[in-house]
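Asks: Fold the following and give me the result.
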Amino acid sequence: MSSMIDLLKKRRSIYAINKEIPVSQERIEEIVGQAVKYVPSSFNSQSARVLILLDEQHDKFWDLTKETLRKLVPEGQFASTEDKMNSFRSGRGTVLFFEEQAIIEGLQQQFALYADNFPVWSEQSSGMLQLAVWTALADEGVGASLQHYNPLVDEQVAKEWNVPSSWKLIAQMPFGGIAAQAGDKEFAPLEVRVRVAK
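Replies: Have a look, this model is predicted:
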């Protein structure tokens with residue numbers, strides 16, 4: 001059995017993905033569901049919400065995102081943006097991560113002393129969920145990366161997939177079979193990043 005650190009080492013940003021995943025779609029749903037269930041949240045708020053887009057729905061999301069960006073990126077610079085959108089579309093699915101704002105607002109009212117902190121804690125909890133899903137996918141041999149095209153696509157996503165208005169889109173994770181491994185990664189010295197007081 002792999003240790004948590006071994007699993008974290010395995011998780012990388014995989015941009016070269018394809019539609020041939022080594023596990024079933026049901027396994028993907030199980031991984032995401034178990035992560036949503038067990039990742040901690042402040043005050044046990046359980047504010048995380050996800051939408052898993054598979055196959056044609058996944059393709060539709062990246063087509064929608066590409067067309068949204070086409071309106072914003074200068075025409076002469078759009079080719080690289082289009083290539084990037086097509087690379088994400090080449091995958092099998094996308095996990096959309098949301099946070100339920102009604103829960104956060106309810107906690108702000110209930111615990112006014114901490115009101116300013118709840119949106120921050122919500123983002124932190126979402127980050128933990130994203131890492132948990134990403135790492136679990138990597139452990140199954142599924143490549144993924146984390147993207148942030150919100151809030152540009154929020155309105156279209158809500159309309160296309162009937163997403164409640166209280167769900168705030170936080171991040172998008174395209175995933176698929178690994179067509180090419182990630183390159184070498186450089187790390188800043190731990191002596192600069194970690195201090196120990198004894």
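Asks: Who are the contact partners of the closest residue to Leu169 other than its chain neighbours?
Replies: Excluding the flanking residues, the one nearest Leu169 by CB to CB, 6 or more residues apart in numbering is Asn150, at 4.1 Å. The C-beta positions use only the backbone N, C-alpha and C, and glycine is treated the same way. Residues counted as contacts of Asn150 (CB atoms under 8 Å, 6 or more residues apart in numbering) are 169-172.
Asks: pLDDT at Asn150, what is it?
Replies: Reading off the confidence values, Asn150 has pLDDT 95.
Asks: How about the secondary structure of it?
Replies: coil (DSSP: H, G, I helix; E, B strand; the rest coil).
Asks: For the contacts of Asn150, work out which two are farthest apart.
Replies: Pairwise distances across the contacts of Asn150 (CB to CB) peak at 8.8 Å, for the pair Ile170 and Gln172.
Asks: Report the set of residues contacting both of those two.
Replies: Shared contacts of Ile170 and Gln172, counting by CB under 8 Å, 6+ apart, come down to 97, 150.
Asks: buried ones in the lengthiest helix in the chain?
Replies: Scanning the chain for the longest helix, with DSSP state H as the assignment, gives helix 117-139. Across helix 117-139, burial judged by 16 or more other CB atoms under 10 Å covers 118-119, 121-122, 125-126, 129-130, 132-138.
Asks: so Gly11 touches Val142, yeah?
Replies: Gly isn't right for residue 11; it's Arg. No - taking CB atoms under 8 Å as the definition, Arg11 is not a contact partner of Val142, at 10.7 Å.
Asks: on that earlier part again, neighbour count for Ile170 and Gln172, which is higher?
Replies: Gln172 (24 against 21; other CB atoms under 10 Å).
Asks: which stretch of helix or strand covers that one?
Replies: strand 167-178 (DSSP states H and E).
Asks: How far away from the center of its chain is that strand?
Replies: 4 Å (CA atoms, centre = their mean, to the nearest Å).
Asks: That strand vs helix 117-139, what angle?
Replies: With axes from the mean of the first three to the mean of the last three CA atoms, to 10 degrees applied, the angle from strand 167-178 to helix 117-139 works out at 10 degrees.
Asks: What's the mean pLDDT across strand 167-178?
Replies: 98.
Asks: Would you indicate which residues of that strand are buried?
Replies: 167-178.
Asks: Okay, and the beta partners of the closest residue to Asp154 other than its chain neighbours?
Replies: Spatial nearest neighbour of Asp154, excluding adjacent residues (CB to CB, 6+ apart): Leu169 at 5.1 Å. With DSSP bridges as the criterion, Leu169 is bridged to Phe98.
Asks: Would you map the helices across this protein?
Replies: Using DSSP H, the helices of the chain run over 4-10, 25-38, 56-70, 78-89, 101-110, 117-139, 154-160, 190-193.
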